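Visitor: What follows is a predicted structure for the sequence shown.
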Amino acid sequence: MSNMGMFVAEMSSDSFQLLGMAERGMLPEFFAKRSRYDTPLVGILFSASGVMLLSWLSFQEMVAAENFLYCFGMILEFIAFVRLRIIAPASPRPYKIPVGTIGATLMCIPPTILICVVLFFSSLKVMIISLVAVAIGLVMQPCLKHIEKKRWLRFSTSSDLLDIHAATRENNSLID
């Protein structure tokens with residue numbers, strides 16, 4: 001039951017991540033479509049189709065692959081956290097962690113080591129499938145940039161969202 005709950009929670013968060021990425025202009029606009037219940041319709045369908053493609057795996061292997069990808073994503077979040085502390089220290093944030101860049105880096109080391117241990121103990125099949133999914137994601141990013149540049153699909157940014165780059169430029173100019 002615990003694995004089932006984690007799986008459903010992960011699928012739900014994936015759908016909303018796709019919605020958020022579309023609202024930020026990182027994915028085509030159709031990913032931002034919501035149902036009449038305000039749920040991310042295309043994101044849910046896209047996530048469900050990914051699970052359908054993996055349906056030849058056992059449920060335990062699907063959950064393990066999902067957890068592998070989640071762990072990999074957490075490492076990327078730690079990297080982004082430290083990188084933003086370096087390149088945009090004055091950017092407005094809902095809260096700040098008052099440990100400085102070195103403290104932030106040191107804070108991320110223990111969970112990263114733990115995540116690497118967890119990834120090391122995954123099965124070879126799950127590791128290969130997950131790394132293929134990561135590779136597809138790495139290839140898709142430049143492809144999406146090319147599609148956006150050629151205007152083959154529409155990308156847009158929600159006007160309700162804060163432009164963190166503009167806010168960072170504004171704060172940095174106030175500091176100078």
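Guide: That came in fine, so what should we check first?

Visitor: so how far is Leu106 from Met140?
Guide: The spacing between Met140 and Leu106, counted by CB to CB, to the nearest Å, is 33 Å. Just so you know, the C-beta spots here come from the backbone N, C-alpha and C atoms, and that holds for glycine as well.

Visitor: For Phe68, the count of nearby residues, please.
Guide: With neighbours defined by other CB atoms under 10 Å, the count for Phe68 comes to 22.

Visitor: confidence score at Asp163?
Guide: The confidence metric pLDDT takes the value 64 at Asp163.

Visitor: And Lys33, by the same measure?
Guide: Lys33 is assigned a pLDDT of 90 by the prediction.

Visitor: can you check Thr105 too?
Guide: At Thr105, the pLDDT value in this model is 95.

Visitor: ok, Asn67 touching Met6?
Guide: Yes - taking CB atoms under 8 Å as the contact criterion, Asn67 and Met6 are neighbours in contact, 7.4 Å apart.

Visitor: For the two, indicate the residue with more neighbours.
Guide: Asn67 (19 against 14).

Visitor: Read off the pLDDT value for the more buried one.
Guide: pLDDT, Asn67: 87.

Visitor: Next, it: secondary structure please.
Guide: Applying DSSP: H, G, I helix; E, B strand; the rest coil to Asn67 yields a three-state assignment of helix.

Visitor: I appreciate the help and will end here.
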